[in-house]
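Undergrad: Give the three-dimensional model of this entry:
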Amino acid sequence: MNKDELRNMLEAVARGEVSPDEALTKIKLQPYEDLGFAKIDTQRGIRQGAGEVIYGEGKTAEQLIKITEHILSENEKSVLITRLSEEKAEALSKSVKLFYDKVSKIGIAGERTEKKDEGNIVIATGGTSDIPVAEEAALTAEYYGNRVTRLYDVGVSGIHRLMDNAGILADARVVIAVAGMEGALASVVGGMVDCPVIAVPTSVGYGANFKGLSALLSMLNSCASGVSVVNIDNGFGAGFIANRINKMKG
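TA: Presented below is the predicted three-dimensional model:
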């Protein structure tokens, strides 16, 4: 739907020929912008409450630049980019305003969102090696305006470190537990809190870890109620789900 078509529809609403609900449905079902190599879902924010996110891995710098510029031109204040390499981030920063975090490989083009005091998402990691995935979750949640508390390196091999932060966990609205190896952290946290726990298995671990598969299976088989699991190393998915849970109205 181009601007003229949108204006005509809004004028029809003003004349009473089309109801506001009918107009909203038409806008929600509008197609995409075809760039040839990518089809930009320009109406995702209307349908889902959050605009399209760019997955940076596998795309060229030129493709990323064109996709990002197009999304920002559609009156979006910012766009989140995941799995963005330093090399591509450098190229992108020459075309658009860009915040880049090399630990999580998260990029934010445009204006960054101010953090709000609504709820609290706590992100805990088993070890320091899990921080890149945890930061992907943290920066995603902050991008959508959430308050985030980080508890890093509080794994079960020294469980007193986790217990020392029991008060912080108790006050959380959502907890994201990020761990590799055997992935036991999620079950322990799940037995301590009364809020949803999102478990993120990481590919951190020795050979029998099978690049995160052992942690994934442990988390899927957790005996603690209230634990859900995302895919291996999927910090973005955990941060996005936590955002939705945190903003649900009771």
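Undergrad: What distance do you get for Ala109 to Tyr100?
TA: 9 Å (CB to CB, to the nearest Å). Yep, even glycine has a C-beta here, placed from its N, CA and C like the rest.
Undergrad: Neighbour count for these two, which is higher?
TA: Legend: neighbour count by other CB atoms under 10 Å for Ala109 and Tyr100, higher for Ala109 (29 against 19).
Undergrad: Next up, the contacts around Gly205.
TA: 180-182, 211-212, 214-215 (CB atoms under 8 Å, 6 or more residues apart in numbering).
Undergrad: go again using 10 Å as the cut-off
TA: 126-127, 129, 179-183, 211-215 (CB atoms under 10 Å, 6 or more residues apart in numbering).
Undergrad: same check, this time on Leu72
TA: Taking CB under 10 Å, 6+ apart as the criterion, Leu72 is in contact with 78-79, 95-97, 109-111.
Undergrad: Now restrict the residues you listed to buried residues only.
TA: 78-79, 95-96, 109-110 (16 or more other CB atoms under 10 Å).
Undergrad: Any chance of those in JSON lines with distance to Gly158 as columns?
TA: Formatted as JSON lines, the buried ones among the contacts of Leu72 follow (distance: CB to CB, whole Å):
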{"residue": "Ser78", "distance to Gly158": "38"}
{"residue": "Val79", "distance to Gly158": "39"}
{"residue": "Ser95", "distance to Gly158": "46"}
{"residue": "Val96", "distance to Gly158": "43"}
{"residue": "Ala109", "distance to Gly158": "39"}
{"residue": "Gly110", "distance to Gly158": "41"}
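Undergrad: Out of those, the closest to Glu22 would be?
TA: Val79 (29.6 Å; CB to CB).
Undergrad: Now do that closest one against Arg44, distance only.
TA: Distance of Val79 to Arg44, given as CB to CB: 11 Å.
Undergrad: hmm, back to that, out of the buried ones among the contacts of Leu72, which one sits closest to Gly167?
TA: Ser78 (33.7 Å).
Undergrad: Give me the distance between the nearest residue to that closest one once chain neighbours are set aside and Glu69.
TA: Spatially, and ignoring its direct neighbours in sequence, Ser78 is nearest to Gly110 (3.4 Å; CB to CB, 6 or more residues apart in numbering). According to CB to CB, Gly110 and Glu69 sit 10 Å apart.
Undergrad: Mind listing the shared neighbours of those two?
TA: With CB under 10 Å, 6+ apart as the test, Gly110 and Glu69 both reach 79, 96.
Undergrad: Any regions of the protein where pLDDT drops low?
TA: Along the chain, segments meeting pLDDT under 70 span 1-5, 27-34, 42-43, 45-47, 75, 115, 117, 249-250.
Undergrad: could you pull out the helices for it?
TA: 3-14, 20-28, 44-48, 61-73, 86-93, 131-143, 160-163, 166-170, 185-190, 213-220, 235-246 (DSSP state H).
Undergrad: and of those, who's closest to Phe37?
TA: helix 61-73 (5.8 Å).
Undergrad: tell me how far that closest one is from the chain's mean position?
TA: 19 Å (CA atoms, centre = their mean, to the nearest Å).
Undergrad: Over to stretch 221-231?
TA: 19 Å.
Undergrad: got the end-to-end distance for that stretch?
TA: 14 Å (CA to CA, to the nearest Å).
Undergrad: related to what we said a few turns ago, determine which two of the buried ones among the contacts of Leu72 are furthest apart.
TA: It's Ser78 and Ser95 that sit farthest apart of the buried ones among the contacts of Leu72, by CB to CB, at 14.6 Å.
Undergrad: what is in contact with Ala109 and Tyr100 at once?
TA: In contact with both Ala109 and Tyr100: 81, 84, 89, 92-93, using CB under 10 Å, 6+ apart.
Undergrad: Now distance to Tyr143 too, for those residues, in TSV please.
TA: Output for these, formatted as TSV (distance: CB to CB, whole Å):
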residue	distance to Tyr143
Ile81	10
Leu84	13
Ala89	16
Leu92	16
Ser93	17
